[in-house]
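Visitor: for reference, the sequence and a predicted model appear below.
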Amino acid sequence: MASNRKSQEPAGGGFERPGIFRPPSERNSYFLPLTRGCSNSTCTFCGLYGAKLRMRAVAEARQEIDALALFMKHGLRIPEIDHVVYAVAQQWDGRRVFLQDGDALVYPHPGLVEVLRHLNEKFPDLERIGTYATPQDILRRTREELIALREQKLSILYVGVESGDDEVLLRIRKGVDHDQIVAAGRKAKEAGLVLSLTVILGLGGVGGSRRHVLETARVLSEIDPEYVGALTLTLVPGTPLWEDWKQGTF
């Protein structure tokens, strides 16, 4: 299992807020950034390919939560706080929070628990907190750590499975194989977390489409997630898969 973690600890400064990239079901959530980029930025089809993982300081995340609470309860704004906070807050339903960016579950466990606790202290009526996660992120966590996160209302993980075909997974540099994806999914479910998985139609190419479909169906059956979304492959300019397509090898 490849890790490709480019940053191990939250940075003390210089964190740049990522753009909002979220699952459709999180459209009314508040978007709280803990990371920027992805810990596994090797996937050849992804717009985050090659991006460096950045982590936000816990103190900065807590400051945003405090400012959000002040705005939601009293309508007060702090000039030093990013205007995006208030723009998102005006459309927030007050029920759900989505942690950014590509896989906020990679955030160091003690800091993640601290942020979640602070969120729940300031907003005790939260229904759930969600995040993107890679299979690697889940496998890094102990069962006890996952349960501790669930107890702080981090209850749904959005995981890009992409394919169940080991050949496809290797070619797109996913960093895990079929069996590791299954192990990660089952581990999350055993900890009581809800899984929303995505697969990508067309990722096997023309010649490998049948095996891609069958092995993807098998990986989903073996995990038995609560939700599955099937996405259509979009070739992103500048990615290795885009270059393969231009050269006629995909």
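Guide: Nice, I can see it.
Visitor: what about the strands in the protein?
Guide: In the chain, strands defined by DSSP state E lie at 30-33, 35-36, 54-55, 96-100, 128-133, 154-162, 194-201, 227-232, listed in chain order.
Visitor: need those strands in CSV (columns: distance to Pro18, mean neighbour count and mean pLDDT).
Guide: (Glycine included, C-beta is placed from N, CA and C.) CSV is the format used below for the strands of the chain (distance: least, C-beta to C-beta, whole Å; neighbours: other C-beta atoms under 10 Å; pLDDT from 0 to 100):
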stretch, distance to Pro18, mean neighbour count, mean pLDDT
strand 30-33, 6, 22, 96
strand 35-36, 4, 24, 92
strand 54-55, 9, 22, 92
strand 96-100, 6, 23, 95
strand 128-133, 11, 24, 96
strand 154-162, 15, 23, 96
strand 194-201, 19, 19, 96
strand 227-232, 20, 12, 95
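Visitor: tabulate these in a markdown table, adding columns for distance to His83.
Guide: Supplementary listing: those in a markdown table, determined by distance: least, C-beta to C-beta, whole Å:
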| stretch | distance to His83 |
| --- | --- |
| strand 30-33 | 14 |
| strand 35-36 | 18 |
| strand 54-55 | 20 |
| strand 96-100 | 17 |
| strand 128-133 | 23 |
| strand 154-162 | 27 |
| strand 194-201 | 30 |
| strand 227-232 | 31 |
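Visitor: nearest to His118, of those strands?
Guide: Taking C-beta to C-beta, strand 30-33 is the member of those nearest to His118, at 10.4 Å.
Visitor: elements contacting that closest one?
Guide: helix 58-74, helix 83-89, strand 96-100 (3 or more C-beta pairs under 8 Å, 6 or more residues apart in numbering; DSSP states H and E).
Visitor: looking at the ones you listed, which is nearest to Thr44?
Guide: Nearest to Thr44 among those is strand 96-100; the distance by C-beta to C-beta comes to 22.7 Å.
Visitor: could you tell me the angle between that closest one and strand 154-162?
Guide: Between the direction of strand 96-100 and that of strand 154-162, the angle (axes from the mean of the first three to the mean of the last three C-alpha atoms, to 10 degrees) works out to 50 degrees.
Visitor: check contacts around Gly130.
Guide: Pro23, Glu26, Ser29, Arg96, Val97, Phe98, Leu99, Leu154, Ser155, Ile156, Leu157, Tyr158 (C-beta atoms under 8 Å, 6 or more residues apart in numbering).
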